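[1] the following block contains a protein sequence and its predicted model.
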Amino acid sequence: MLSHSQLNVAGPIIGSGEFGKVECASLQIESVSIQVAVKSVIPGNCRTACYRDFCNEAERLITLQEHNNIIKLYGFVTRGDPKYIVIEYAKHGDLKCYLHTLRNSVITVAIETRLVKIAMNVASALEYMETLRIVHRDLACRNILLTEDYIAKIGDFGLSRDVYESGEYSLLQGAEGQGPLPLRWMPPELLNRGIFEPKSDVWSFGVVMWEIASLGETPFQTLPVFVFSKMLDDGTRLHKPNNCTNKAYILMYKCWLKHIESRPSPSTLLEELEEFLSENE
Ligand code: ADE
């Protein structure tokens, strides 16, 4: 546990989540000061669901610290308000913003390679989470952070669930105090029946690949939820982005198979992405 006196939250604001904001801060540990990011919440100022997500994220991050592609946790400030989750500061911010910066650049082989490595980092985090039976449920480029060396780290666990705790399959719909859900990243079984399991994250991983290939477009941007969820049910999928290779599109498409078991495992995704790398050499 950390204390308010160890933290100097001087900003700037670098993100906003469902439950509050994310700010830059410095953390004093003995005589060393390190740059960190803090997620804050004032329980009395937010809905019960958002405080619950904040606590859920804190709990999940403690469990998931043994992996380089998950944001590092420094600790919590729980005494007094606001309450803080203190995490590693990721210099290059979130992946969606980074992809937007690339829209005005020439995409060199070096950048293509970086993007494949970023996708591999995310697949590697999913592989690790699968061993712990943790389902993220909100995998999207906005929740992936980039360090100084462009290592991707999953950085937001507000909606994640332990499938042991919740049972193999859980019904989301009708759950009390449900906050906003990332519908455009969700597989049909989750959208329609509230069923989630590790392969739900594989579907969202396919959407992350699509966001990367389209340099940060929003999936089904122009369509209302009831339209695209019906389209998904009828077998329609996100289009192939401009300049996306057939191989990359086939891999994301496999993540969107209706039959849950037929979707690739995170380990298979890693192997296939590795092949893309050797093609870039
Ligand atoms: N935006 C959200 N969380 C962040 C973090 N840990 N580092 C940098 N930008 C962020």
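    It's in.

[2] rest of the way, CA atoms for contacts and neighbours
    Fine.

[3] what does the protein put close to the ligand?
    Ile14, Gly15, Val22, Ala37, Ile87, Glu88, Tyr89, Ala90, Lys91, Gly93, Asp94 (Cα under 6 Å from any ligand atom).

[4] show me just the buried residues among those residues.
    Neighbour-count burial (16 or more other Cα atoms under 10 Å) is assigned, among those, to Gly15, Val22, Ala37, Ile87, Glu88, Tyr89, Ala90, Gly93, Asp94.

[5] which ones among those map onto strands?
    Cross-referencing these against strands under DSSP state E gives Gly15, Val22, Ala37, Ile87, Glu88.

[6] got TSV for those residues, with distance to His4 and pLDDT too?
    Below are these laid out as TSV (distance: Cα to Cα, whole Å; pLDDT from 0 to 100):
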residue	distance to His4	pLDDT
Gly15	21	84
Val22	16	91
Ala37	14	95
Ile87	15	96
Glu88	17	96
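
[7] got the phi and psi for Gly75?
    The phi/psi pair for Gly75 (degrees, to the nearest 10) reads phi 150, psi -170.

[8] check contacts around the closest residue in space to it that isn't next to it in sequence.
    Computed as Cα to Cα, 6 or more residues apart in numbering, the closest residue to Gly75 that is not its neighbour in sequence is Val86, at 5.3 Å. Contacts for Val86 (Cα atoms under 8 Å, 6 or more residues apart in numbering) come out as Val36, Ala37, Val38, Lys39, Leu73, Tyr74, Gly75, Phe76, Val77.

[9] now do Leu277
    Applying Cα under 8 Å, 6+ apart to Leu277 gives the contacts Thr113, Val116, Lys117.

[10] what is the nearest of these to the ligand?
    Nearest to the ligand among the contacts of Leu277 is Lys117, at 19.1 Å by Cα to the nearest ligand atom.

[11] in which helix or strand would I find that closest one?
    Following DSSP states H and E, one finds Lys117 within helix 109-131.

[12] so which bits of that helix are buried?
    Those would be 113-130, for helix 109-131 by 16+ other Cα under 10 Å.

[13] can you check stretch 274-281 too?
    Going by 16+ other Cα under 10 Å, stretch 274-281 has these buried residues: Phe276, Leu277.

[14] quick one: it to chain centroid distance?
    Relative to its chain's centre, stretch 274-281 lies at 24 Å (Cα atoms, centre = their mean, to the nearest Å).

[15] swap in stretch 82-98?
    12 Å.

[16] and which of the contacts of Leu277 is nearest to Leu238?
    Distances from Leu238 to the contacts of Leu277, taken as Cα to Cα, are shortest for Val116 (19.5 Å).

[17] and the next helix or strand past the lowest-mean-pLDDT helix or strand in the chain?
    Counting by mean pLDDT, DSSP states H and E, the weakest-scoring helix or strand in the chain turns out to be helix 163-166, with a mean of 58. Sequence order places helix 188-193 as the next helix or strand after helix 163-166, per DSSP H and E.
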